[in-house]
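Chemist: below: sequence and its predicted model.
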Amino acid sequence: SNLGFFTTFIEEMWSRNLGNLLISPLRPHELVMALCLWSVLRLSIGMLPVTGAAFFIFGFNLLDLGLWLAVFFAMLVVTSWSLGLIAAGVMLRYGLGAEELAWSLAFLLLPLTCVYYPLSALPAWLQPVALALPPTHVFEGMRSILLEHRFDPGDLWWAIGLNAVYLAIGYGVFGWLLSRARDNGSLLQLGE
């Protein structure tokens, strides 16, 4: 989802179309909503065949795991939007030289979000850092659903709350860096 969000935005920069978009009546929040919608569409195009293949090849039905797994998955999508907004804002302000940040931001956070192992595997001093990230709560909640067949509402509420904070920060950073890019005139100088 993060890559779907980001690549949609960066394609506008590469084609030198971002300046045209931003001088149109399109408001920043409308641009952000379109990027979010497009990321969900791209994610769906990728996930539907994989889910179907898992069912037909391995007999694994993702729908048997329940609605809560889908809600946790949606929380991961919202986290990716927060990261995408920050990366897009940085690229607006500093140009395509900051493109590496956008490509690597999600991958840099993977070890801290407990994707591959439970939270208890992290050193004690690193656990509070991991708990400050919404995906940690998502993956811990998904583990309890997959391994113990129980839903822990605490993990979901932590993920929702942290996502709300990070999404507001991401939108704020994006809006601030967009206004800075407009002020210094760098919007029309972006592109390959």
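Modeler: In hand now; what should we look at? What you see is a predicted model, and the numbers here were worked out from it, not measured in a lab.
Chemist: so what's the residue count around Leu133?
Modeler: 18 (other Cβ atoms under 10 Å). Just so you know, the C-beta spots here come from the backbone N, C-alpha and C atoms, and that holds for glycine as well.
Chemist: OK, contacts around it?
Modeler: Contacts for Leu133 (Cβ atoms under 8 Å, 6 or more residues apart in numbering) come out as Thr79, Leu109, Leu112, Thr113, Leu162.
Chemist: so what's the backbone phi/psi at it?
Modeler: Dihedral pair for Leu133: phi -110, psi 130, per degrees, to the nearest 10.
Chemist: mind checking how far it is from Ser80?
Modeler: From Leu133 across to Ser80, the span is 12 Å (Cβ to Cβ, to the nearest Å).
Chemist: who wins for most neighbours among the contacts of Leu133?
Modeler: Thr79 leads the contacts of Leu133 on contacts (other Cβ under 10 Å) with 25 neighbours.
Chemist: avg pLDDT for the helix or strand harbouring that one?
Modeler: Assigned by DSSP states H and E, Thr79 falls within helix 67-94. Regarding helix 67-94, the rounded mean pLDDT is 87.
Chemist: the helix or strand Ile160 falls within packs against which elements?
Modeler: Per DSSP H and E, Ile160 falls inside helix 153-184. Using 3 or more Cβ pairs under 8 Å, 6 or more residues apart in numbering; DSSP states H and E, the elements in contact with helix 153-184 are helix 28-58, helix 67-94, helix 134-148.
Chemist: before I go, just wanted to say thanks for your time.
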